[in-house]
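S.K.: Kindly generate the corresponding structure for this input.
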Amino acid sequence: MPERTRGSVTVTRPRKVARFVLFSALILATTLIGGEATAQGDDNSTLKVEVLNNGLEETWASNGKPNATTDDSISGLVDLLKAQKKFEDNTKNGFINQDVLTDGWKPSLEAYATSDDLVYVFGSMLHEILSNMTFYGADFLLTDVLEIFQLDNVVTADGIMNLMEIGLPSRDEIIVSVRETGILEDGLSEITRLLSEQKNLTELSENPVQAFVVLLSDLLRDTDNRLWKDVSVILGDPLGPALIPILQSDFATNATQDPAAISQRANEIFPRLLNHFRAFGMKNLLYNPYLPSPCLRDDERACPSYMLGEEGEAILLNKEKVLQGEMSEEEFGRMFQEALFRYVDEPLGYDELPEFVRAILEQVFNERTEAMVRALSRDNPPEEKEVEVLESLSAGNYSVEIEKDVLASGFNARTAICLANVSAAMFEFPETTSAWIEGLGLERVGSAFPLAGDLSIRAAVFVDRTQNAVVVGVEGTPYIQTYFLRGLFGWLRNIVQARGDTFKYPCKNSNTSLCDEMAEKYPDPVILNGFAPSSSAVGDYLRPALEKAILLLQDTDGDGDDVSVSTGRFRNAVPDKPKLYFAGHSLGAATAKDLYIGALLRGYNENFSKVTLYSSAGPVTGDTKFQQMIEEMTALTNSSMYQLQNMYDPVPYLPIIDDVDKGHLTALYDHRNDSLVMAEPLPDFVKAPSNIDLSIFAYHSIKSQYLPLARSLVAGGGEDCEAICQVGICGLFK
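M.R.: Just a heads-up that it's a prediction; the model follows:
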């Protein structure tokens, strides 16, 4: 492993007046070139001020290294509370820009004190990269961007790193600043705003370089937006306070006013920037200790060998070769990229990264995105009622009334709670999943299995002997802050393959005439294939697991006479047929729905007394014909389908956003009326009230929203279930 530069663990001492004066002098030098600072005078003459590198050692000797943290380990709450107190003191003393502070409802700091929380992970990774810019190649990326916009005449990467060496905040301070400024939410809002202001998003997908130039130019010109203010607070002094004056300097302003020149430089530099970005990503993948990639660290607890598959094992093996000096980082990067292309079924080679970027942009910048951006840009007025709901959820005493129409449909609250627990458990580390499932009184049948390739989401089959039931639980897109590798591949698959293709009926592998009937009546329904399991996964993994589940439930002597595995078809010899349930959340909900469809079309339902789907927060899976086919097939087979959505959650509307109708039965958690109501079609999407400081995707969380909401359907529905949760904000906002 190459030599790495890591931050010191020296305790930071209080800042003194002399140091404040030094910082002030440096801030006045609004431009830096290498080891020099440049400021623009009224007459546009250039004044060069030497950065006091010679005085840096003396400053450290007097005050301690300012970019140190009191504890470089993942220590959690105590250090965060100290950093929080420091942030509050700086705010009171006027050192923090009040414009960046969020004043709405947010979870307590304890909710962020876990190593898999997104704020914690982002803050830790950011500190690691800023502390080691050269090692990770971030300086090259920064130089490329500065050159494209000709800002290298204003500031250089070396100059910026000089300032960070003087005063980079500690890791805990950055985590607190990320939380208090809400930069993750502000960043999403700013991107949404920039996209909403573009005349034609489709044109941007046709020219990724131009898209990069247009969006970043707009961002650089708008120096008064909240995102830049967030960044200035997070970076701390002296670099933070100098950032906005640098962007507002005459030279910087003039540099962004020549789009033709910027585009020309961008076309020249962009290929180099992509190569630098790829190297930056590989460096982080290989060496960043805060990158949540347990599979690449061979963490058997979080990522046992069966979860890796051949593709994952190859990546892990090659990573070890890099660390042992037997493979170059460039070779590892090539192997990783090829694996990525294979996973998303894009026939691209290593030298065709721009085409792959363009494929992603085509899915990001299109007419659907324009509608989505408009919806996400609309502000919702503050509502005190929502604060009451979140406080009640946090206290664990929230209750929901179920509308009569929902109950009349056959919806069972206790079944919904049980299957919400199954859906939540599927996101967990394997050992925790097993403990959670066992606590529910379920028994797993064999191992979890991938649904679309080694690194894809997984499903597992469970049996409930008491209830004579079989449950198929489907994992959603893995938390990227927990399983970075699988989460990254999952999101890319969702994006690149979230396009419509004609649904392929599995009638050749079916033992029911229903499949042919549906194919004849609905010959060309469209399915969003990024959410669908592979046909081989259904035949090779799901069918044998269901057969084994029936054996466990009904073949008491274990001789297998009641089920035929070899013929590829179930036998209907057992009169006491079990019930079959499908459950999933988010991508897992969409995939569980597709598995439910596949099971009915293949005739698997004939071996069960009833087939039922309970899903939550699933995106749209297909067009109107696809939905009509599902509804008719559900009615003909006496099956049931319940799709639960949360108020303020945007994911169930994707990728359509407007006029979403998921048909029977879609129910909505209505926070304003504390009720579960029918939602056919879904009401127009609205963001959370403006007095709620949560990410737009916070309302999509299975652990902090959907699971507590499900438990609120029945009094006492959540006794101690969250105690074994480890991934995500578990159960409550605590």
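S.K.: gap between the residue positioned nearest the centre of the chain and residue 292?
M.R.: Of all residues in the chain, the one closest to the mean position by CA atoms, centre = their mean is residue 480, 5.1 Å from it. Using CB to CB, to the nearest Å, we find residue 480 at a distance of 8 Å from residue 292. Quick note: C-beta positions are derived from backbone N, CA and C, even for glycine.
S.K.: Mind listing residues that contact stretch 392-412?
M.R.: For stretch 392-412, the surrounding residues in contact (CB atoms under 8 Å, 6 or more residues apart in numbering) are 107, 389, 413, 640, 642, 664-665, 667, 669, 674-678, 704-705, 708-709, 712-713, 715, 718, 732-734.
S.K.: Which of the residues you listed fall in strands?
M.R.: Secondary structure of the contacts of stretch 392-412 is defined by DSSP state E; positions in strands are 640, 642, 667, 669, 675-678.
S.K.: if we can go back for a sec, please report how far the closest residue to the residue nearest to the centre of the chain other than its chain neighbours lies from residue 444.
M.R.: Among residues not flanking residue 480 along the chain, residue 487 sits closest, at 3.2 Å (CB to CB, 6 or more residues apart in numbering). Look at residue 487 and residue 444: by CB to CB, they are 23 Å apart.
S.K.: Next: residue 257.
M.R.: Summarising the geometry, the distance separating residue 257 from residue 444, computed by CB to CB, is 62 Å.
S.K.: neighbour-wise, which of these two wins?
M.R.: When residue 257 is set against residue 444 and neighbours are counted by other CB atoms under 10 Å, the residue ahead is residue 444, at 18 against 10.
S.K.: bridging residues for the more buried one?
M.R.: residue 462 (DSSP bridges).
S.K.: can I assume it is in contact with residue 462?
M.R.: Yes. Using CB atoms under 8 Å, residue 444 and residue 462 qualify as a contacting pair, with a distance of 5.3 Å.
S.K.: Settle this for me: residue 220 is touching residue 149, isn't it.
M.R.: Yes. Taking CB under 8 Å as the definition, residue 220 is a contact partner of residue 149 at 6.4 Å.
S.K.: Determine the residues that are contacts of both of these two.
M.R.: Counting by CB under 8 Å, 6+ apart, the residues touching both residue 220 and residue 149 are residue 256.
S.K.: quick one, helices of the stretch 151-300 of the chain?
M.R.: 157-167, 171-181, 183-196, 201-206, 208-221, 226-235, 239-248, 250-255, 259-287 (DSSP state H, counting those that start in this stretch).
S.K.: ok so, going back, buried only: go through the contacts of stretch 392-412 for me.
M.R.: Neighbour-count burial (16 or more other CB atoms under 10 Å) is assigned, among these, to 107, 389, 413, 640, 642, 664-665, 667, 669, 674, 676-678, 704-705, 708-709, 712-713, 718, 732-733.
S.K.: next one: stretch 656-671 to chain centre, how far?
M.R.: Averaging C-alpha coordinates over stretch 656-671 and over its chain gives two centres that are 22 Å apart (CA atoms, centre = their mean, to the nearest Å).
S.K.: What are the buried residues along that stretch?
M.R.: Under the neighbour-count rule (16+ other CB under 10 Å), stretch 656-671 has 656-657, 660, 662, 664-671 buried.
S.K.: Need the residues you listed in a markdown table (columns: pLDDT).
M.R.: A markdown table is the format used below for the buried residues of stretch 656-671 (pLDDT from 0 to 100):
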| residue | pLDDT |
| --- | --- |
| 656 | 74 |
| 657 | 74 |
| 660 | 79 |
| 662 | 78 |
| 664 | 71 |
| 665 | 86 |
| 666 | 92 |
| 667 | 94 |
| 668 | 95 |
| 669 | 96 |
| 670 | 96 |
| 671 | 96 |
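S.K.: was I right about residue 626 contacting residue 503?
M.R.: Yes. The pair residue 626 / residue 503 is scored as a contact, 6.1 Å apart, by CB under 8 Å.
S.K.: Could you tell me which residues touch both of these two?
M.R.: Contact with both residue 626 and residue 503 is made by residues 525-527, according to CB under 8 Å, 6+ apart.
S.K.: Quick one: mean pLDDT for stretch 124-135?
M.R.: Here stretch 124-135 scores 92 as its mean pLDDT.
S.K.: Stretch 139-147 too?
M.R.: Stretch 139-147 shows an average pLDDT of 92 in the prediction.
S.K.: Over to stretch 210-225?
M.R.: Model confidence over stretch 210-225 averages 81 on the pLDDT scale.
S.K.: Pull out the buried positions in that stretch.
M.R.: For stretch 210-225, by 16+ other CB under 10 Å, it's 210-220, 223, 225.
S.K.: what separates it from the chain centre, distance-wise?
M.R.: Using CA atoms, centre = their mean, we find the averaged C-alpha position of stretch 210-225 to lie 24 Å away from the chain's own average C-alpha position.
S.K.: got the CA positions of it in PDB?
M.R.: These are the backbone C-alpha positions of stretch 210-225, laid out as PDB (Å, rounded to 0.1, in the frame of the first residue of the first chain):
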ATOM      1  CA  GLN A 210     -21.900  21.300 -22.100                       C
ATOM      2  CA  ALA A 211     -24.200  20.100 -19.300                       C
ATOM      3  CA  PHE A 212     -21.200  20.300 -16.900                       C
ATOM      4  CA  VAL A 213     -20.300  23.800 -18.100                       C
ATOM      5  CA  VAL A 214     -23.800  25.200 -18.000                       C
ATOM      6  CA  LEU A 215     -24.700  23.900 -14.500                       C
ATOM      7  CA  LEU A 216     -21.300  24.700 -12.900                       C
ATOM      8  CA  SER A 217     -21.200  28.200 -14.500                       C
ATOM      9  CA  ASP A 218     -24.600  29.000 -13.100                       C
ATOM     10  CA  LEU A 219     -23.500  27.800  -9.700                       C
ATOM     11  CA  LEU A 220     -20.300  29.900  -9.800                       C
ATOM     12  CA  ARG A 221     -22.100  33.000 -10.800                       C
ATOM     13  CA  ASP A 222     -24.600  32.700  -8.000                       C
ATOM     14  CA  THR A 223     -22.300  33.400  -5.100                       C
ATOM     15  CA  ASP A 224     -25.100  34.400  -2.800                       C
ATOM     16  CA  ASN A 225     -26.800  30.900  -2.800                       C
END
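S.K.: ok, how many other residues are close to the residue nearest to residue 480?
M.R.: Based on other CB under 10 Å, the number of other residues close to residue 487 is 18.
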